[in-house]
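**Q** Sharing a model prediction with you, sequence too.
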Amino acid sequence: MTSRSFMRIAVAGMVAATGLAIAAAPASAHPKPPKPPVTVPVRLVSINDFHGNLEPPTGSSGAIVNESGTSVPAGGAAYLATHLKSLVNKNTAVVAAGDLIGASPLISAAYHDEPTVELLGKLGLDVSSVGNHEFDEGLPELKRIQNGGCHPVDGCSPAGKWKGAKYEYLAANVLKENSDRYVLPPVAIKKVNGVKVGFIGLVTQTTPTIVTASGIAGLKFDEEVAAGNRAARLLRLAGVKAIVALVHEGDPIAPNQSPDACPVTPGAGTRIAQGLSSDVDLVVMGHSHEAYICKTKDPSGQDRFYTQGSSFGRVLTSIDFQVDKKTGEVVRSSVVADNHVVTRDVAPDRDITKLVDTWKARVAQIADKPIGKITADVDRKSGPSGETALGNLIADAQLEATKAGGNAEIALMNAGGVRDDLVYAQKGSEGDGVVTYGEAFTTQPFNNLLQVVTLTGAQLDALLEQQWQSGGSIVRILHSSASLTYTVNRSQPVGSHVSNIKINGTPVTDAQQIRVAGNNLIVGGGGGFSVFKEGTNLWSGPLDIDAFVAYLGAHSPIAPPAVNRVTVAG
C-alpha cells in the first residue's frame with residue numbers, strides 16, 4: 001500500500017470519528033476545472049545511417065531535396081556539427097538509429113571506424129540502436145568499439161589505444177543463439193531536463209540475410225515488434241513512462257519529396273511503427289536511407305510519430321514534446337517533429353574540421369598502399385557498344401563479390417559511377433603497373449553498397465532497354481560482367497534495341513528468375529533504371545570499392561578486359 005493510500009484512509013477515518021458532515025455544494029456552484037498538468041519540455045535530435053561520412057559525401061550521396069523541392073549539397077561532419085549546435089539546448093538528448101559505422105569511406109574504414117565513433121562522441125551522442133552494419137566485423141569487434149582497446153589484428157590506430165564510444169549501443173532483439181541472452185543492453189534510461197526517458201534499440205530482423213555469416217555467427221535476430229514490447233515492459237517496470245524506440249528499419253518513399261513529408265510506401269517500417277506497444281511514444285527509424293516525418297495510430301488508437309533522417313549526415317531530425325512531470329508520461333498531442341537538411345552554406349565547425357583533417361593526413365599512408373597490378377592502362381575509352389575496359393572490370397569484380405552471399409549470376413555497373421582510369425605508368429615514372437588503394441578508390445569514390453535482386457528475364461530485357469532514355473536522346477551505358485552477353489540493334493525502335501540475351505552462353509527466357517547485382521544507386525532505381533525497383537529478395541553486400549580491391553588483389557596482374565560483351569548488329 002502506498003503512502004498516498006494510507007493518507008486517503010486516514011482522512012476518511014478522521015471524518016467518521018468526529019462526526020463531521022461535509023455539506024453538499026449548492027446546485028448553482030460551478031466545479032473548479034482541473035488544473036492543467038505541469039509539464040517539462042524535452043527535445044530529441046536524431047541521426048541515422050551516417051556510415052562514417054566524415055568528409056562531405058559526393059555525387060548523388062552528397063545531395064538531398066530540401067523543403068522547397070530543390071536538390072542541395074548536404075552532409076559533412078563539420079557542417080553537421082554546426083547544424084547540431086544550433087538545435088541542441090539544455091533539454092536535449094542526441095540519439096541515433098544505427099549504421100553509424102560500416103560501409104564507410106576510407107578515412108574512417110581504414111581504422112575500423114574509430115574516427116567516426118570519436119566524432120560522434122564529440123557531437124554529444126547519447127545512445128543509438130545497432131544497425132546491421134554495426135555487425136560487419138562481428139560482435140567482438142562491435143564490443144571493442146563500444147568498450148575500448150586496440151584492434152586484435154591491426155593493433156592501435158595512429159591516435160593510440162582506443163578508449164571506447166562515449167555513447168551506448170542498444171539491441172533489444174539481438175540474442176545469443178543458444179541461451180537467448182541479450183548480447184548488448186536492450187534499453188537505456190536517460191534523464192533529460194529532469195525527467196526519465198527510456199530508449200529501446202532494435203535492428204532489422206533481416207540482418208542475417210544482409211550481413212556476412214561471420215559477422216552474425218552465434219546470434220539470432222528476433223522479430224522487432226515482439227522484442228520491442230518486451231523491452232517496453234522492462235522500462236515500465238523500472239518506472240519509466242516516456243519511451244522512445246530507436247529502430248534500424250524503415251520504408252521506401254516516392255522520390256523528390258520534402259524531407260518533412262510522409263510519402264512512404266508502407267513496409268517493414270510502418271509495420272513496426274503501428275505494431276509496437278502503446279507504451280512506446282515515438283519511433284525513430286533508419287535503414288532505408290530516406291527522409292520522412294510520419295504519423296500513425298498505435299494499438300490503442302493514439303497518434304504516434306515515426307521519423308527517419310536520410311543518410312550520410314545529410315539530415316538531422318528534431319522531435320519536441322512535453323512530459324507530464326507528475327505521471328512521467330509523454331503528452332502525445334504536444335509532439336512536433338522536423339527534418340533539418342544539413343546544408344553546406346554555414347560555417348563548418350572548426351574543431352570538427354581539425355579532427356577530420358587529422359584523419360585525412362593519417363589515412364594518406366593507406367591510400368598509397370599497393371593492392372595489385374595491371375598489365376596496361378585500364379581506361380574508360382568506349383568501344384562500339386559503349387562498353388569500356390574499366391567498366392567491365394568493375395562489373396566482374398562486383399559479380400565475384402556478390403556470388404557467395406547474394407547468389408548473383410550477373411552484375412551491371414553504371415558508366416557514370418566510373419570516375420577515373422587506372423593508368424599503367426603514372427606521371428614521372430617508367431611504369432610498373434602497380435595500383436594503389438588510393439588509385440582504385442578514385443575510380444569509384446562513392447562508397448556504394450553492392451546489392452542483388454531477383455529479376456525475371458523479361459524484366460532484365462526491359463532494364464537493358466533503359467540504357468536509351470528520353471526517346472533515345474540520352475544513352476546511359478550499363479557495363480556487364482562477362483557472364484552476360486547480348487546484341488544491340490540501334491536501327492530498331494527505342495524499347496526494341498536489345499535481343500539475344502544470354503547468361504554464360506545460355507539464352508534467357510522471359511519467365512526465368514535471375515539474380516542481378518549492382519550498386520545501391522542503380523538498384524534503387526537511380527540513373528533512370530527504374531526496372532531495378534521491380535526486383536525482389538534484396539540482398540546487400542560489401543562496398544563497391546572493397547569488392548574492387550579484393551578482385552585486383554586476387555587476380556593480379558590484370559589485363560584490360562575486352563569490350564566485346566555486347567554485339568552491335570546495326
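**A** Good, I have the coordinates. Residues are numbered from 1 along each chain as shown.
**Q** how about the closest residue to His555 other than its chain neighbours, secondary structure?
**A** With C-beta to C-beta, 6 or more residues apart in numbering as the criterion, His555 has its nearest non-adjacent residue at 7.6 Å, and that residue is Gly372. Glycine gets a C-beta too; all of them are placed from N, C-alpha and C. Following DSSP: H, G, I helix; E, B strand; the rest coil, we place Gly372 in the strand state.
**Q** List the beta-bridge partners for Gly372.
**A** Val435 (DSSP bridges).
**Q** Now do the contacts for it.
**A** Neighbour list for Gly372: 434-435, 440, 549, 552-553, 555-558 [criterion: C-beta atoms under 8 Å, 6 or more residues apart in numbering].
**Q** Need phi/psi at the closest residue to Leu125 other than its chain neighbours.
**A** Counting by C-beta to C-beta, 6+ apart, Leu125 lies nearest to Tyr167, which is 4.1 Å off, once chain neighbours are set aside. Torsion angles at Tyr167 (phi, psi; degrees, to the nearest 10) stand at phi -120, psi 170.
**Q** Surely Tyr167 touches Gly121?
**A** Yes - between Tyr167 and Gly121 a contact is recorded at 6.5 Å, counting by C-beta atoms under 8 Å.
**Q** neighbour count winner among these two?
**A** Neighbour count, other C-beta atoms under 10 Å: between Tyr167 and Gly121, Tyr167 has more, with 21 against 14.
**Q** so how far is Thr116 from that one?
**A** According to C-beta to C-beta, to the nearest Å, Tyr167 and Thr116 sit 12 Å apart.
**Q** Same question for Ala367.
**A** For Ala367, the distance to Thr116 (C-beta to C-beta) stands at 18 Å.
**Q** again with Asn414
**A** Relative to Thr116, Asn414 is positioned 27 Å away (criterion: C-beta to C-beta).
**Q** who has more neighbours, those two?
**A** For Asn414 versus Thr116, neighbours defined as other C-beta under 10 Å are more numerous around Thr116 (27 against 23).
**Q** could you say what helices and strands the helix or strand harbouring Ile352 packs with?
**A** When elements are defined using DSSP states H and E, Ile352 is found to belong to helix 350-367. In terms of contacts (3 or more C-beta pairs under 8 Å, 6 or more residues apart in numbering; DSSP states H and E), helix 350-367 is packed against helix 77-87, helix 106-109, helix 114-122, helix 437-443.
**Q** Just send these back as JSON lines, with mean pLDDT too.
**A** What follows is the helices and strands packed on helix 350-367, written out as JSON lines (pLDDT from 0 to 100):
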{"stretch": "helix 77-87", "mean pLDDT": "98"}
{"stretch": "helix 106-109", "mean pLDDT": "88"}
{"stretch": "helix 114-122", "mean pLDDT": "98"}
{"stretch": "helix 437-443", "mean pLDDT": "87"}
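**Q** so how far is the helix holding Ile352 off the chain centroid?
**A** A distance of 23 Å separates the centroid of the chain from that of helix 350-367, by C-alpha atoms, centre = their mean, to the nearest Å.
**Q** Give the buried residues for that helix.
**A** Of the residues in helix 350-367, those scored as buried under the neighbour-count criterion (16 or more other C-beta atoms under 10 Å) are 352-353, 355-356, 359, 362-363, 366-367.
**Q** quick one: which of the residues you listed is nearest Asn500?
**A** Within those, proximity to Asn500 (C-beta to C-beta) peaks at Ala367, which comes in at 42.8 Å.
**Q** what separates that closest one from Tyr551, distance-wise?
**A** With C-beta to C-beta as the criterion, Ala367 and Tyr551 are 18 Å apart.
**Q** hmm, which of the contacts of Gly372 are the buried ones?
**A** Among the contacts of Gly372, those classed as buried by neighbour count (16+ other C-beta under 10 Å) are 434-435, 440, 549, 552, 556, 558.
**Q** so what strands line up beside the helix or strand encompassing Phe321?
**A** Using DSSP H and E, Phe321 falls within strand 315-324. Strands that pair with strand 315-324, judged by DSSP bridges, come out as strand 39-47 (antiparallel), strand 330-341 (antiparallel).
**Q** Of these, flag the one that's most buried.
**A** Among the strands paired with strand 315-324, judged by mean count of other C-beta atoms under 10 Å, the one packed with the most neighbours on average is strand 39-47 (a mean of 22).
**Q** so that one versus helix 114-122, what angle?
**A** With axes from the mean of the first three to the mean of the last three C-alpha atoms, to 10 degrees as the basis, strand 39-47 and helix 114-122 are set at 160 degrees to each other.
**Q** what residues does strand 39-47 touch?
**A** Applying C-beta under 8 Å, 6+ apart, the set of residues contacting strand 39-47 from outside is 80, 84, 87-89, 91-97, 100, 125, 192-195, 197, 242, 244, 246, 282, 284, 307, 309, 313, 315-325, 331, 334.
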